[in-house]
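Undergrad: Have a look; sequence and predicted model below, questions after that.
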Number of protein chains: 2
Amino acid sequence: MSTPLQVLVDGVPASADWPMDRGLLYGDGLFETMLVRNGAIRFEADHRARLAQGCARLGIRVDLQRVWRDTQAAAARHPQASLRLQVTRGTAQARGYTPTGSEQARAILAIFAAPAPHELPARIKAVTLAMRLGENPLLAGLKHCNRLEQVLARQALAAMEGAFEGLLASSSGLLISGTMSNVFLELDGELVTPSLDRCGVAGVLRAALLREAVAAGTPIRITGLPLAALPRCTAMALSNARLGLVPVHELDGRILAGSSRFDALAARVSGA
Amino acid sequence: MSTPLQVLVDGVPASADWPMDRGLLYGDGLFETMLVRNGAIRFEADHRARLAQGCARLGIRVDLQRVWRDTQAAAARHPQASLRLQVTRGTAQARGYTPTGSEQARAILAIFAAPAPHELPARIKAVTLAMRLGENPLLAGLKHCNRLEQVLARQALAAMEGAFEGLLASSSGLLISGTMSNVFLELDGELVTPSLDRCGVAGVLRAALLREAVAAGTPIRITGLPLAALPRCTAMALSNARLGLVPVHELDGRILAGSSRFDALAARVSGA
């Protein structure tokens, strides 16, 4: 029997079917967090591409044209805002993990006020966290809704006074990302960023930075980066679609010099 | 700004706060799937222990006494049934992955008709799947709501004609479990089951079987099991709270002899 006889939410019978949404049951969905400036969605093409890739990889069928039309309409109504778009596989049509293929995907769009312009601390401190990320190439790169690792990492970071971001390695000891950012390093005179083929989220600002770096004549190499390389790093920057590219001033207690190349890239992606 | 200005579900403004439940946003929750027989929840103590352990590890504060009182009341109303209890951290109180600690956990209880008595195929075939599970000791053992790996594994299995269960190894090549079951092997004359300290769900029936095996004088050893050991396995059984302990007749196309020790254990946990 696949349809519940009854569903109670905090003891109260539910009248709608959202409590059986597979997004809630299994984190079976994807999301995008976007900035809206002057009514336009920043890096819209990158957000669209990543969401489409995620839906394809998870086998979620959804009318993305309609979803993006609604999202653009929301951006037009809220020209300075931040959006969180989530697509779930929709209400479960059968028990268990296997999708039937007949689920109706659900799109949830949350509209937030634009972030305050100066929410960053004056000095950005990053620390390497002890937790390691699990590796699964089938999920790597996607902004899917299985984010317990990030929740645990943020909890660990919150317990460390004054640290803005925590750096995470994968279970095989390779640096992957921050808890909510991608990471860029100046290492042995070269700009590098971790390969995300085993885990991590391929950020849209990361994609934009990789393009801009080529245009600026300072290409960034994507590579496997053992944690042991961190002490050789002379500059570091963190990317996040909401915050932009921000320099790290202190890494595990060590003062970093900073890099004019990161400053130049930050200016290129900060946009109008 | 942490509260959304507006939330749209499929384009329609939402009047409730469930679309911002962290269970939906991040899979930030836990669940238990339970059988009810004659009004009693089978292995209730094990389900309670695992859920409590999960809440503690994820830092989800919830009145579990109330949750279990409601669950017992549902079992009394539906004396032959199957229950799915989910606890989420509740509606997000701030943006981003970090919980504020002020979230109000949400309990969702779905009541299903009892499973049909003979839903198993006459011959159980298991196949080793190519996908590997990511390893994270902090999440290992829990029945948390980050289940995309199982969703992908079930999709892969559904494409393989006639296979009842897919076996999964971790990224370091150790056998962990089936997609929806724990796995027990007769190997070199000994009963063994994989260690779940890096990934996998520690099933309540697995716990019961480990206890019963000791009582029956046929203890099961918990150990790391490289996939390479599978060809030496002479019998295999799969455990699942809904299905019980079921023998595997064919493993990757190889006929297995079966084991009277598994048959005896299956009888011990099948209950009244």
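TA: Here it is on my side, so go on. Numbering: from 1, shown residues only, chains lettered A, B, ... in the order given.

Undergrad: ok, now which ones touch the residue lying closest to residue A:215 once chain neighbours are set aside?
TA: Using C-beta to C-beta, 6 or more residues apart in numbering or on different chains and skipping the chain neighbours, the partner closest in space to residue A:215 is residue A:268 (7.7 Å). The C-beta positions use only the backbone N, C-alpha and C, and glycine is treated the same way. Counting by C-beta atoms under 8 Å, 6 or more residues apart in numbering or on different chains, residue A:268 makes contact with A:212, A:215-216.

Undergrad: Where does residue A:268 fall, secondary structure wise?
TA: helix A:260-270 (DSSP states H and E).

Undergrad: Residue A:132 too?
TA: Counting by DSSP H and E, residue A:132 is found in strand A:125-133.

Undergrad: Check which element follows that strand along the chain.
TA: Counting by DSSP H and E, the next helix or strand C-terminal to strand A:125-133 is helix A:148-158.

Undergrad: Would you mind pulling the contact partners of the helix or strand that that following helix is followed by?
TA: Sequence order places strand A:165-170 as the next helix or strand after helix A:148-158, per DSSP H and E. For strand A:165-170, contacts defined as C-beta under 8 Å, 6+ apart pick out A:124-129, A:131-135, A:149, A:153-154, A:156-157, A:160, A:175-181, A:183, A:198-200, A:227, A:230, A:238, A:248.

Undergrad: Which SSE is immediately downstream of strand A:165-170?
TA: Following strand A:165-170 toward the C-terminus (DSSP H and E): strand A:175-178.

Undergrad: what's the average pLDDT for that following strand?
TA: Taken as a whole, strand A:175-178 has a mean pLDDT of 98.

Undergrad: for the stretch 1-150 of chain A, which spans come out with low pLDDT?
TA: Counting by pLDDT under 70, the stretch 1-150 of chain A shows low-confidence ranges at A:1, A:118.

Undergrad: what's near enough to touch whichever residue of the stretch 101-250 of chain A sits closest to chain B?
TA: Going by C-beta to the nearest C-beta, chain B is nearest to residue A:134 of the stretch 101-250 of chain A, at 2.3 Å. Under the criterion of C-beta under 8 Å, 6+ apart, the neighbours of residue A:134 are A:149, A:170-171, A:199, B:133-136, B:139, B:171, B:199.

Undergrad: can we see that at 7 Å?
TA: A:149, A:171, A:199, B:134-136, B:199 (C-beta atoms under 7 Å, 6 or more residues apart in numbering or on different chains).

Undergrad: How about the residues of the stretch 101-250 of chain A by chain B?
TA: When proximity is defined as C-beta under 7 Å from any C-beta of the partner chain, the stretch 101-250 of chain A approaches chain B at A:106-113, A:131-132, A:134-136, A:138-139, A:144-152, A:154-155, A:158, A:171, A:179-180, A:199.

Undergrad: can you confirm residue A:35 is in a helix?
TA: No - applying DSSP: H, G, I helix; E, B strand; the rest coil, one finds residue A:35 to be strand, outside a helix.

Undergrad: thinking again about what came up before, who wins on neighbours among the contacts of residue A:268?
TA: Neighbour counts for the contacts of residue A:268, by other C-beta atoms under 10 Å in any protein chain shown, peak at residue A:212, which reaches 19 neighbours.

Undergrad: Which of the helices or strands spans that residue?
TA: Counting by DSSP H and E, residue A:212 is found in helix A:204-215.

Undergrad: Return the distance of that helix from the chain's centre.
TA: Computed by C-alpha atoms, centre = their mean, to the nearest Å, the chain-centroid distance of helix A:204-215 equals 16 Å.

Undergrad: cool, stretch A:125-135 as well?
TA: The gap between where stretch A:125-135 is centred and where its chain is centred comes out at 15 Å by C-alpha atoms, centre = their mean.

Undergrad: May I see the buried residues of it?
TA: With burial defined by 16 or more other C-beta atoms under 10 Å in any protein chain shown, the residues of stretch A:125-135 counted as buried are A:125-127, A:129, A:131-135.

Undergrad: tell me the contacts of the residue nearest to residue A:264 when sequence neighbours are not counted?
TA: Nearest non-adjacent residue to residue A:264, counting by C-beta to C-beta, 6+ apart: residue A:216, 6.2 Å away. By C-beta under 7 Å, 6+ apart, the contact list for residue A:216 reads A:264-265, A:268.

Undergrad: Identify, from the residues you listed, the entry nearest to residue A:26.
TA: residue A:265 (37.5 Å; C-beta to C-beta).

Undergrad: ok, how many other residues are close to that closest one?
TA: 26.

Undergrad: quick one: the helices in the stretch 1-150 of chain A?
TA: Ranges of helices within the stretch 1-150 of chain A are A:22-26, A:44-58, A:64-77, A:148-158, based on DSSP state H, counting those that start in this stretch.

Undergrad: Which of the ones you listed has the highest mean neighbour count?
TA: Per-stretch averages of neighbours, counted by mean count of other C-beta atoms under 10 Å in any protein chain shown, single out helix A:22-26 among the helices of the stretch 1-150 of chain A, with a mean of 28.

Undergrad: for that one, packing partners?
TA: strand A:81-88, helix B:22-26 (3 or more C-beta pairs under 7 Å, 6 or more residues apart in numbering or on different chains; DSSP states H and E).

Undergrad: rerun at 6 Å
TA: helix B:22-26 (3 or more C-beta pairs under 6 Å, 6 or more residues apart in numbering or on different chains; DSSP states H and E).
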